[in-house]
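S.K.: Pasting the sequence and the predicted model now:
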Amino acid sequence: MKLNRLLQFIFGFVLLFSISCTSEYEETIPEITYQNGLLITNEGNFGSPNADVTFITKDLSLMQNDIYKANNNKENLGDVLQTMVLNGDKAYLLLNNSNKIQIVDRYSFKKAGEITAQLNNPRYMAIANGNLYVSNDKYGGAKFVNVYKLSDNSFVKKIDFASTSTVERVVEAGGNIFVQNASYGFGNTITKINTTTNAIEGTPTPMPNGDITKTITYNSNVYVIAQGTADSYIYQINPAGSIVKTTTLTGIANGTNLQIDGGRFYFTSSNKVYSMDMNATAAPTNPIITAVDGGANFTLYGFSVIDGRIFTSDVKGFTQPSEITVYTTGGTVISKFTAGMGATSIYKN
């Protein structure tokens, strides 16, 4: 199914101008709501404030782009939407090059707050113990994780890392925060932060093989995919910070984009998508999807698996709107549509 401009216009018209009468003399315009659908984060172009968020209904039939701007007096969201975290009725939108975290109501997308204190090239976020943890990694500069109190968005503490370290993805597992000390395929350790003391606990845990490309959390465990030149590896790390299981992806080099859905691993290598049961001992021999190759850095720039559907994003070299392709977990195309510039991740709202 190909969504067209007419459909987007109709959806926007229904959202923005639908009127319901409450009495003979009174009428109200209902609030725009983005419940029971999907949110797509669009990075935008580096150096331009054109980052934004796309909403699409669960059945993929109706969508609206630029929902932040549409609900905040045409205000630009910012420069490079790196990531988003959903918590309660709030969405936290991290703008990497704007050095801010914009907070909105996740259902209306109206502004609800902002965090700017002590941010310096923020990267990723996670929530634990009533706090927001934000990684900061300035190229050639400081490396640290900031802690903010969710109740009032106030700055709590800066947790410094060595200048030789990398501070990238952060995830929560078992009430602790785990920091990925790797980026762009370089680095192989994970550091644990105790959220009671807000301090680094122990020494970083090295992955036995490969360099980390992505870290995620699932069922109170941390899962890391690490790439090698011949094989790749998926490591399961328990809340204490110990590696408890290793899955070797024999013959699959440069594994990345790890996702877990329905008890299965999903990951990519170059322009190929693979799937395997989490309990399997042998790596898959054939991909379930071979995407149209626009280059490994663009064809699968965005990759999410939600409720039995695979979403891929081809960002077209950041020269035009991203093309989102939706597949079944067997690799059959369900739908294609365009989102914003540099579409990365998809979140269930």
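M.R.: Received the coordinates, thanks. Numbering: from 1, shown residues only.

S.K.: Going by C-alpha atoms from here, please, whenever you check contacts or count neighbours.
M.R.: Fine.

S.K.: Can you list the strands that the helix or strand hosting residue 145 pairs with?
M.R.: Assessed by DSSP states H and E, residue 145 sits inside strand 143-149. Partners of strand 143-149 in the sheet, by DSSP bridges, are strand 131-137 (antiparallel), strand 155-160 (antiparallel).

S.K.: Show me how far that strand is from its chain's centre.
M.R.: Here the centre of strand 143-149 is set off from its chain's centre by 19 Å, with CA atoms, centre = their mean, to the nearest Å.

S.K.: Could you pull up the mean pLDDT of that strand?
M.R.: For strand 143-149, mean pLDDT rounds to 98.

S.K.: Identify the residues contacting it?
M.R.: The contact list for strand 143-149, computed with CA atoms under 8 Å, 6 or more residues apart in numbering, reads 118-119, 130-137, 154-163, 165-167, 198.

S.K.: Weed out the non-buried ones from those.
M.R.: Buried subset of these (neighbour count, 16 or more other CA atoms under 10 Å): 119, 131-137, 155, 158-159, 161, 165-167, 198.

S.K.: sorry, back to before: of the strands paired with strand 143-149, which approaches residue 229 most closely?
M.R.: Nearest to residue 229, of all these, is strand 131-137, at 26.4 Å by CA to CA.

S.K.: separation between residue 139 and residue 116?
M.R.: Per CA to CA, to the nearest Å, residue 139 is found 19 Å from residue 116.

S.K.: what's the answer for residue 196, then?
M.R.: Residue 196 sits 24 Å away from residue 116, going by CA to CA.

S.K.: So those two - more neighbours on which side?
M.R.: Taking neighbours as other CA atoms under 10 Å, residue 196 and residue 116 compare with residue 116 leading, 14 against 10.

S.K.: Is that one in contact with residue 101, as I believe?
M.R.: Yes: using CA atoms under 8 Å, residue 116 is in contact with residue 101, at 6.5 Å.

S.K.: Could you spell out the sheet neighbours of the helix or strand containing residue 327, each with its direction?
M.R.: Using DSSP H and E, residue 327 falls within strand 323-328. Strand 323-328 has these partner strands in its sheet, going by DSSP bridges: strand 309-314 (antiparallel), strand 333-338 (antiparallel).

S.K.: Save those strands as TSV, and put in mean neighbour count too.
M.R.: Shown next, in TSV, are the strands paired with strand 323-328 (neighbours: other CA atoms under 10 Å):
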stretch	mean neighbour count
strand 309-314	24
strand 333-338	17
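
S.K.: Residue 185: which of these is closest?
M.R.: Nearest of these to residue 185, taken as CA to CA: strand 309-314 at 20.0 Å.

S.K.: Next, report how far the closest one is displaced from the centre of its chain.
M.R.: For strand 309-314 - counting by CA atoms, centre = their mean - the centre lies 13 Å from the chain centre.

S.K.: can you check stretch 114-134 too?
M.R.: 15 Å.

S.K.: So residue 92, which state does it fall into?
M.R.: At residue 92 the chain is in strand, as set by DSSP: H, G, I helix; E, B strand; the rest coil.

S.K.: Need the pLDDT of the closest residue to residue 238 other than its chain neighbours.
M.R.: Nearest residue to residue 238, sequence neighbours excluded (CA to CA, 6 or more residues apart in numbering): residue 221, at 5.0 Å. Looking at residue 221, its pLDDT is 98.
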